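Colleague: Mind looking at a prediction? Sequence and model below.
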Amino acid sequence: MTKPITSRSQAMDKPLDASSADPLYVQLANRLADAISSGTYGPGQQLPPEARLMSDFGISRVTVRQAIQLLTRNGQVVSRRGKGTFVSRASFQQDLSSLQGFQEALRLQGIEPETELLEFSASAGRIDGQLPTGLNLPVRLRRRYCVDGEAFAVVEAYLPAEAEAVGPVRAERLSVYDILQQFLGLRIGRADIAIQCAKPKNRISAELGLPPRSHVLLMQRTSFAVSGAPCEHMRIYIVPERYTFRMSVPGPMQLASAIQPAMVS
């Protein structure tokens, strides 16, 4: 059973108490949690390496790793292979109960992300094998989203041929739904959305600055105009620690009966 991290005020330089009822790893986790809460280690800042914590507190590597695992489970830190352990940054949210774009969801939280246009092609969608069959969406737009200089999402959007006239300059700053509704004059009637944990291709990992064998949240969305015609398909690769999807449903949610077997590709 996992012991909770308490909010006791504890100095990082105070020795751990071997006679305490709390295991040493819980005591260390509390010290680090207090240091995070007090601002000693701010969001995105790296915690001391394992070797230093072992030396400072006279504990084993196993004890240090148990403490870090506890902090990780509580969402306070994130470990990056080969780089170290860092204080978690603020998590962003998107409500799936309403039809809103990715960029709009961020702005509603007071966040104006930095965007970088990675690609604007008039024809890449015609030869992209990841585009669902039957969608005539040749324009491919790829963008990277950053907050505080750190990448947290890559968006790949496929749009109708008419979107080529938007051009790369406007494509860098306009949201996908702005392009569809304001520039192309389309009204969005509905969207089909699927979210899964996925292992990204090497290009996506590099663009997000992720270590090898990392996973991302992959959100796929196909939007339909009020006429029923598909007018957009999007894939969003998101660093999992930075994003939460929320949804309100009426009545009890029958999760077990809703589970479908995964399609093997």
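Modeller: On my side now, so go ahead.

Colleague: Break the chain into its domains for me.
Modeller: 24-87, 92-247 (automatic domain parsing).

Colleague: For the ones you listed, give me TSV that also has distance to L16 and mean neighbour count.
Modeller: Backbone N, C-alpha and C define where each C-beta goes, glycine included. Listed next are the domains of the chain as TSV, based on distance: least, C-beta to C-beta, whole Å; neighbours: other C-beta atoms under 10 Å:
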stretch	distance to L16	mean neighbour count
domain 24-87	5	17
domain 92-247	28	16
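
Colleague: Quick one: the ones you listed as a markdown table, columns for distance to K14 and mean pLDDT too.
Modeller: Shown next, in a markdown table, are the domains of the chain (distance: least, C-beta to C-beta, whole Å; pLDDT from 0 to 100):
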| stretch | distance to K14 | mean pLDDT |
| --- | --- | --- |
| domain 24-87 | 8 | 87 |
| domain 92-247 | 30 | 85 |
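
Colleague: what would those look like in JSON lines with distance to A18?
Modeller: Converted to JSON lines, the domains of the chain look like this (distance: least, C-beta to C-beta, whole Å):
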{"stretch": "domain 24-87", "distance to A18": "7"}
{"stretch": "domain 92-247", "distance to A18": "33"}
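
Colleague: From the contact counts, what lies against the helix or strand hosting E156?
Modeller: If you go by DSSP states H and E, E156 is part of strand 150-159. Using 3 or more C-beta pairs under 8 Å, 6 or more residues apart in numbering; DSSP states H and E, the elements in contact with strand 150-159 are strand 139-147, helix 176-178, helix 202-208, strand 230-238.

Colleague: do you know how far G185 is from G228?
Modeller: Using C-beta to C-beta, to the nearest Å, G185 is found at 16 Å from G228.

Colleague: rewinding a little: relative to I193, which of the helices and strands packed on strand 150-159 is closest?
Modeller: Smallest distance to I193 across the helices and strands packed on strand 150-159 (C-beta to C-beta): 9.4 Å, for strand 230-238.

Colleague: Dump the C-alpha coordinates for that closest one into CSV.
Modeller: What follows is strand 230-238, C-alpha atoms only, in CSV (Å, rounded to 0.1, in the frame of the first residue of the first chain):
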residue,chain,number,x,y,z
PRO,A,230,-15.7,15.4,-43.7
CYS,A,231,-13.7,18.6,-43.8
GLU,A,232,-10.7,18.0,-41.5
HIS,A,233,-8.6,15.2,-40.0
MET,A,234,-6.1,15.9,-37.3
ARG,A,235,-3.6,13.9,-35.3
ILE,A,236,-2.2,15.6,-32.1
TYR,A,237,0.8,14.0,-30.4
ILE,A,238,0.9,15.3,-26.8
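
Colleague: Paired strands for it, with orientation please.
Modeller: According to DSSP bridges, strand 230-238 forms sheet pairs with strand 150-159 (antiparallel), strand 216-225 (antiparallel).

Colleague: The ones you listed into JSON lines, with extra columns for distance to R173?
Modeller: Listed next are those as JSON lines, based on distance: least, C-beta to C-beta, whole Å:
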{"stretch": "strand 150-159", "distance to R173": "13"}
{"stretch": "strand 216-225", "distance to R173": "20"}
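
Colleague: wait, which of the ones you listed is closest to I204?
Modeller: Closest among these, using C-beta to C-beta: strand 150-159, at 5.7 Å.

Colleague: residues in contact with that closest one?
Modeller: 44, 89, 92, 102, 118, 125, 128, 131, 135, 137-146, 176, 179-180, 204, 207-209, 231-239, 242-243 (C-beta atoms under 8 Å, 6 or more residues apart in numbering).

Colleague: Do a quick rundown of the strands in the protein.
Modeller: 77-80, 84-87, 92-95, 114-121, 139-147, 150-159, 188-198, 216-225, 230-238, 243-246 (DSSP state E).

Colleague: now those strands as JSON lines including distance to R170?
Modeller: Formatted as JSON lines, the strands of the chain follow (distance: least, C-beta to C-beta, whole Å):
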{"stretch": "strand 77-80", "distance to R170": "35"}
{"stretch": "strand 84-87", "distance to R170": "36"}
{"stretch": "strand 92-95", "distance to R170": "24"}
{"stretch": "strand 114-121", "distance to R170": "10"}
{"stretch": "strand 139-147", "distance to R170": "11"}
{"stretch": "strand 150-159", "distance to R170": "12"}
{"stretch": "strand 188-198", "distance to R170": "19"}
{"stretch": "strand 216-225", "distance to R170": "19"}
{"stretch": "strand 230-238", "distance to R170": "16"}
{"stretch": "strand 243-246", "distance to R170": "26"}
